[in-house]
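*Asks:* The amino acid sequence is not available; the structure is as follows:
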């Protein structure tokens, strides 16, 4: 990038990128994962939240092939070389700008889908093994709860049960969610673009000379996002927005869900 490009950044326009299916699915995931990971590991709340996650993730896979352009997987599949270059360029301050997910964000989408589905599948097996309930009923042997497989590492044998594997994968998922959130803040700082606002309104900004603009409908900038940016800047604005969503919406809903736990029948 030349000095001239740095001093005269390309003009930005606002376009409609994320469709309602992607946005609703995203916030359902936030609510369900927050509820089962932070609020309750008890049945049946934990299980129903997991059902929501697995349904959303499964539908997201289908939507990745038949949904609008920005939601389709091929728009954010990048080579390892491109992902590494994007990461390096992000540190030095001039990464490539994308309309759909950036190279690292796209990789995170696939990592989250795979991890959530693996964790959920182990959870269904554990529910069947320990409780003889759920879609699998009593199909999974009860001894698998504590003794599913044995690993030999460094001359020692380790016995793993479904419970151990489920907890481990759940913690991996939580780590990925944390990285996803921090990555959004970092991308906001680098691109000066409101990613959380985009997932709320569906509207993102793009370079006016981006050749893919012809596939998207131009829109006005979200007023509340513009006011927030002008007041505190894009990064702090996004942090305030995320904190507000968690404290004012997700947390109360999770509390309500946890309270209703005693009235929900197990399945």
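*Replies:* Here it is on my side, so go on. Small disclaimer: the values here were computed from a predicted structure and weren't measured.

*Asks:* Any regions of this structure where pLDDT drops low?
*Replies:* 1-10, 40-42 (pLDDT under 70).

*Asks:* any idea how far the residue of it most remote from its centre is from residue 161?
*Replies:* The outermost residue of the chain relative to its centre, with distances by C-alpha atoms, centre = their mean, is residue 155 at 38.0 Å. Residue 155 is 22 Å from residue 161, where distance means C-beta to C-beta, to the nearest Å. For the C-beta atoms, the positions are set from N, CA and C on the backbone; glycine is no exception.

*Asks:* Please apply the same query to residue 109.
*Replies:* Using C-beta to C-beta, one obtains 30 Å as the distance from residue 109 to residue 161.

*Asks:* likewise residue 219?
*Replies:* 51 Å.

*Asks:* and if you look at residue 228?
*Replies:* Note on residue 228: its distance to residue 161, by C-beta to C-beta, is 47 Å.

*Asks:* Could you do residue 14 as well?
*Replies:* The gap separating residue 14 from residue 161 is 51 Å, by C-beta to C-beta.

*Asks:* Same question for residue 184.
*Replies:* Residue 184 is 35 Å from residue 161, where distance means C-beta to C-beta.

*Asks:* go on, residue 94?
*Replies:* 49 Å.

*Asks:* higher neighbour count, these two?
*Replies:* Taking other C-beta atoms under 10 Å, residue 94 and residue 161 do not tie; residue 161 has more neighbours (18 against 12).

*Asks:* Return the backbone torsion pair for that one.
*Replies:* Backbone torsions for residue 161, taken as degrees, to the nearest 10, come to phi -100, psi 170.

*Asks:* Next up, phi/psi of the residue nearest to it when sequence neighbours are not counted, please.
*Replies:* Nearest residue to residue 161, sequence neighbours excluded (C-beta to C-beta, 6 or more residues apart in numbering): residue 146, at 3.9 Å. Taking degrees, to the nearest 10, you get phi -110, psi -20 for the backbone angles of residue 146.

*Asks:* Run through the residues that contact residue 146.
*Replies:* By C-beta atoms under 8 Å, 6 or more residues apart in numbering, the contact set of residue 146 is 159, 161, 163.

*Asks:* and the last one, how many neighbours?
*Replies:* Which is residue 163. Neighbourhood size, residue 163 [other C-beta under 10 Å]: 17.

*Asks:* shouldn't it be in contact with residue 143?
*Replies:* No: between residue 163 and residue 143 there is no contact under C-beta atoms under 8 Å: 11.8 Å.

*Asks:* now do the same end-to-end measure for stretch 187-206.
*Replies:* Length of stretch 187-206, first residue to last, C-alpha to C-alpha, to the nearest Å: 14 Å.

*Asks:* Pull out the buried residues from that stretch.
*Replies:* By neighbour count on 16 or more other C-beta atoms under 10 Å, the buried set for stretch 187-206 is 187-191, 193-206.

*Asks:* Then stretch 18-33?
*Replies:* Neighbour-count burial for stretch 18-33, counted by 16+ other C-beta under 10 Å, picks out 18-19, 22, 25, 29-33.

*Asks:* And the residues you listed, which two are furthest apart?
*Replies:* Greatest spatial distance among the buried residues of stretch 18-33 (C-beta to C-beta): 19 and 33, at 21.4 Å.

*Asks:* Pull the residues that contact the host helix or strand of residue 65.
*Replies:* Per DSSP states H and E, residue 65 falls inside helix 45-66. The contact list for helix 45-66, computed with C-beta under 8 Å, 6+ apart, reads 21-22, 25, 28-29, 31-33, 35-36, 39-40, 71-73, 113, 116-117, 120-121, 123-124, 127, 134, 257-258, 260-261, 264, 266-267.

*Asks:* Kind regards, and thank you for your time.
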